[in-house]
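Asker: Turn this into a model:
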Amino acid sequence: MRLRFAPSPTGQLHVGNARTALFNWLLARGSGGTFILRIEDTDVERSSRESEAAIIRDLRWLGLDWDEGPDASGAHGPYRQSERLHLYQSYAKELLGAEHAYYCFCTTAQLDAERQDAVASGRPARYAGTCRRLSRDQAAARIIAGERPAIRFRVPQEHDVVFADAVRGDVRFQADVIGDPIIVRADGAPAYNFAVVVDDALMEITHVIRGEDHISNTPRQILLYEALGFTPPTFAHLSLVMGPDHSPLSKRHGATSVAEFRSKGYLPEALVNYLALIGWSPRDAGGGRAGGDDDELMPVDELARRFSLDRVGHSAGVFDEEKLAWANRHYLKIADSARLAELALPYFNVAGVRMTPDEDGIAFLAFAMSMARASVDRLNQVPARLALLFDYSAEATLRDPAVREEMRGDGARAVVTALAEELASAPRLDRERFRAVANQVKARTGQKAKALFHPIRLVLTGRAEGPELDLAVPAIDRGADLPASAGIPPILGCRERAQAFAEALKQ
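Answerer: Now for the predicted structure:
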């Protein structure tokens with residue numbers, strides 16, 4: 001199998017297009033085939049190398065690699081349409097010579113008037129065939145006179161087009177509603193339907209997986225394949241990705257591009273896994289469906305092993321960010337802690353916690369990730385979850401009316417005093433030493449359960465709720481012992497926090 005993804009570099013990579021790329025990639029990788037990246041950049045006004053670079057960056061972030069492409073080797077290049085113009089010109093001449101195409105001199109104004117007239121009278125808005133009747137000599141004379149014509153494909157009359165769609169079954173189009181499409185514009189630029197046929201044929205593409213918005217293009221393309229003597233590929237048209245209101249996913253639904261979801265702190269493996277589930281149902285090797293998370297959350301190599309077009313559905317898939325967040329939580333829990341620490345760095349800086357960690361600093365953040373990874377949906381939520389490490393003020397905590405009320409009780413005050421005294425001579429705390437200190441405070445004060453641990457939480461974290469103390473306390477004291485060279489902002493240790501809180505309480 002040879003499959004391709006052919007984006008136009010006119011903007012960011014939309015998640016709907018990313019799903020199309022993914023389905024092509026999964027089928028290629030699962031079948032041992034070839035995956036090709038081709039850049040369709042003949043729209044000179046809107047295309048840019050910056051957009052191309054961004055699309056390539058997003059595809060690589062998703063983990064979708066290619067065997068042939070503009071930055072890879074391959075025997076079927078070039079892989080940018082702007083570098084293949086000579087090929088389109090050659091095949092256009094071939095079609096003209098065989099009278100499968102003809103020159104069209106109709107102006108834009110004329111064509112617009114014909115289109116409006118057809119719509120007003122309830123007829124299909126297709127080309128009327130005005131220039132189809134010109135002889136070669138008439139066309140040549142007009143060109144010599146200085147007119148710049150477009151080139152149109154001559155659609156065979158009374159020739160219905162039927163193709164077997166790998167997702168939708170047999171699809172039929174009547175030729176009399178197709179009209180003669182432009183294949184080369186008056187400025188020499190190839191039209192999409194022509195360029196894509198030449199490219200897919202010369203690149204020996206065997207399967208074309210794309211959105212259902214291309215179904216109407218398919219009959220024109222099949223007729224071009226036939227006229228050029230090429231064998232059409234197998235087509236598979238995917239339902240569009242919809243928003244929660246079942247309209248095409250767009251900006252009004254929030255984030256829509258891969259770059260936006262990346263910036264929000266989603267992991268690439270979560271986005272890939274979720275996109276694979278939109279419109280496709282996984283099944284095990286025996287053909288059955290296991291059901292549950294194990295049948296939906298799986299690494300990309302397993303997705304590729306299971307992927308097949310016969311499990312792609314007809315119905316539109318709804319992009320549900322809550323479901324994406326659910327997948328992301330799973331991958332956050334199993335991801336390497338050091339990797340998460342590295343990925344979270346930009347979000348700390350955005351949150352105002354400036355850091356440039358060295359190897360020790362990254363190791364500390366990786367250790368602290370245990371406080372966050374199980375309780376956040378996205379990486380951009382990590383700084384808020386770990387804020388207790390860097391933002392501590394006993395005075396600010398005691399300004400909370402609820403905290404002041406709690407600290408009026410003798411039991412809570414006793415816990416604060418005993419904790420400060422126990423920690424004054426204690427070494428830095430790990431989990432076991434913290435439990436031992438808590439037991440000592442319990443024995444001295446007679447407080448237990450919430451009456452014991454809630455005051456301890458307030459003293460050591462400055463917050464009424466948050467991560468488990470068994471996780472937070474060791475992270476606080478490990479951070480307190482970091483050298484300045486680690487690149488982590490100073491962290492006040494548990495001993496210093498308890499002393500500060502006890503002093504503030506006396507005030």
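Asker: and residue 255, what does it touch?
Answerer: Contacts here follow CB atoms under 8 Å, 6 or more residues apart in numbering; on that basis residue 255 touches 261, 264, 321. Every C-beta, even on glycine, is put in place using the N, C-alpha and C of the backbone.
Asker: rerun that using 6 Å as the cut-off
Answerer: residue 261 (CB atoms under 6 Å, 6 or more residues apart in numbering).
Asker: For residue 247, give its distance to residue 211.
Answerer: 15 Å (CB to CB, to the nearest Å).
Asker: Looking at the two, which one has more neighbours?
Answerer: residue 211 (16 against 12; other CB atoms under 10 Å).
Asker: For that one, give the beta-bridge partners.
Answerer: Taking DSSP bridges, one finds residue 238 as the beta-bridge partners of residue 211.
Asker: any idea how far it lies from residue 462?
Answerer: Taken as CB to CB, the spacing of residue 211 relative to residue 462 amounts to 52 Å.
Asker: likewise residue 425?
Answerer: The gap separating residue 425 from residue 462 is 23 Å, by CB to CB.
Asker: same thing with residue 450?
Answerer: Taking CB to CB, one finds residue 450 at 18 Å from residue 462.
Asker: which of the two has more neighbours?
Answerer: Here residue 450 and residue 462 are compared on neighbour count by other CB under 10 Å; more neighbours surround residue 462, at 24 against 9.
Asker: Point me to the residue sitting closest to the centre of the chain.
Answerer: Centrality entry for the chain: nearest residue to the mean C-alpha point is residue 258, 3.3 Å, by CA atoms, centre = their mean.
Asker: my guess is that residue contacts residue 11, does it?
Answerer: No - with the criterion set as CB atoms under 6 Å, residue 258 and residue 11 do not qualify as a contacting pair; they are 11.5 Å apart.
Asker: And the helices in the stretch 251-400 of the chain, which stretches?
Answerer: Secondary structure of the stretch 251-400 of the chain (DSSP state H, counting those that start in this stretch): helices located at 258-263, 268-276, 300-306, 321-334, 337-350, 359-368, 382-385, 387-390, 394-398.
Asker: So which of the ones you listed is nearest residue 418?
Answerer: The closest of the helices of the stretch 251-400 of the chain to residue 418 is helix 394-398. By CB to CB, the value is 16.4 Å.
Asker: Past that closest one, which element shows up next along the chain?
Answerer: Proceeding C-terminally, helix 394-398 gives way to helix 401-407 as the next helix or strand, assigned by DSSP states H and E.
Asker: chain center to that next one: distance?
Answerer: 46 Å (CA atoms, centre = their mean, to the nearest Å).
Asker: immediately after it, which helix or strand?
Answerer: With DSSP H and E, the next secondary element past helix 401-407 is helix 410-424.
Asker: Next SSE downstream of that next one?
Answerer: Taking DSSP H and E as the definition, the helix or strand that follows helix 410-424 towards the C-terminus is helix 431-445.
Asker: now the angle from that next one to helix 410-424?
Answerer: Taking axes from the mean of the first three to the mean of the last three CA atoms, to 10 degrees, helix 431-445 and helix 410-424 form an angle of 130 degrees between their directions.
Asker: ok, which stretches of the stretch 101-250 of the chain are strands?
Answerer: 101-104, 150-153, 161-165, 169-173, 182-184, 207-211, 234-238, 241-242 (DSSP state E, counting those that start in this stretch).
Asker: So for the third one, what gets flagged as buried?
Answerer: Translated: strand 161-165. Within strand 161-165, the residues that qualify as buried are 161, 163, 165, counting by 16 or more other CB atoms under 10 Å.
Asker: The last one bridge partners, please.
Answerer: Meaning residue 165. With DSSP bridges as the criterion, residue 165 is bridged to residue 169, residue 235.
Asker: roughly how far is the longest helix belonging to the chain from the heart of the chain?
Answerer: For the chain, the longest helix by residue count, based on DSSP state H, is helix 15-31. In this view, helix 15-31 has its centroid 12 Å away from the chain centroid, taken as CA atoms, centre = their mean.
Asker: For the residue nearest to residue 16 when sequence neighbours are not counted, give me its contacts.
Answerer: Closest residue to residue 16 in three dimensions, ignoring its sequence neighbours and counting by CB to CB, 6 or more residues apart in numbering: residue 241, at 4.0 Å. Residues in contact with residue 241 (CB under 6 Å, 6+ apart) are 16, 249, 278, 317, 319.
Asker: Compile those into JSON lines and extend it with columns for neighbour count.
Answerer: Formatted as JSON lines, the entries for the contacts of residue 241 read as follows, by neighbours: other CB atoms under 10 Å:
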{"residue": "16", "neighbour count": "22"}
{"residue": "249", "neighbour count": "22"}
{"residue": "278", "neighbour count": "23"}
{"residue": "317", "neighbour count": "20"}
{"residue": "319", "neighbour count": "21"}
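Asker: For those residues, give me a markdown table that also has distance to residue 60 and pLDDT.
Answerer: Converted to a markdown table, those look like this (distance: CB to CB, whole Å; pLDDT from 0 to 100):
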| residue | distance to residue 60 | pLDDT |
| --- | --- | --- |
| 16 | 19 | 94 |
| 249 | 23 | 87 |
| 278 | 21 | 95 |
| 317 | 24 | 88 |
| 319 | 22 | 93 |
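Asker: Give me the distance between the residue nearest to residue 194 when sequence neighbours are not counted and residue 197.
Answerer: Leaving out its chain neighbours, the residue that sits closest to residue 194 by CB to CB, 6+ apart is residue 183, at 3.6 Å. Using CB to CB, one gets 9 Å for the distance from residue 183 to residue 197.
Asker: One more: residue 188?
Answerer: Here the criterion is CB to CB. By it, residue 188 lies 18 Å from residue 197.
Asker: the more surrounded of these two?
Answerer: Neighbour totals were compared for residue 188 and residue 197, and residue 197 leads with 27 against 13 (other CB under 10 Å).
Asker: pretty sure the more buried one contacts residue 221?
Answerer: Yes - look at residue 197 against residue 221 with CB under 6 Å: they come within range, at 5.1 Å.
Asker: residue ranges with poor pLDDT in this structure?
Answerer: Within the chain, the ranges that satisfy pLDDT under 70 run 283-294.
Asker: Could you report the neighbour count for the closest residue to residue 426 other than its chain neighbours?
Answerer: Nearest non-adjacent residue to residue 426, counting by CB to CB, 6+ apart: residue 437, 6.1 Å away. Residue 437 is surrounded by 20 other residues when neighbours are defined as other CB under 10 Å.
Asker: mind checking how far residue 437 is from residue 429?
Answerer: Per CB to CB, residue 437 is found 7 Å from residue 429.
Asker: on that earlier part again, you'd agree the residue nearest to residue 194 is up against residue 154?
Answerer: No - using CB under 6 Å, residue 183 and residue 154 do not qualify as a contacting pair, with a distance of 10.1 Å.
Asker: Thank you kindly, that will do.
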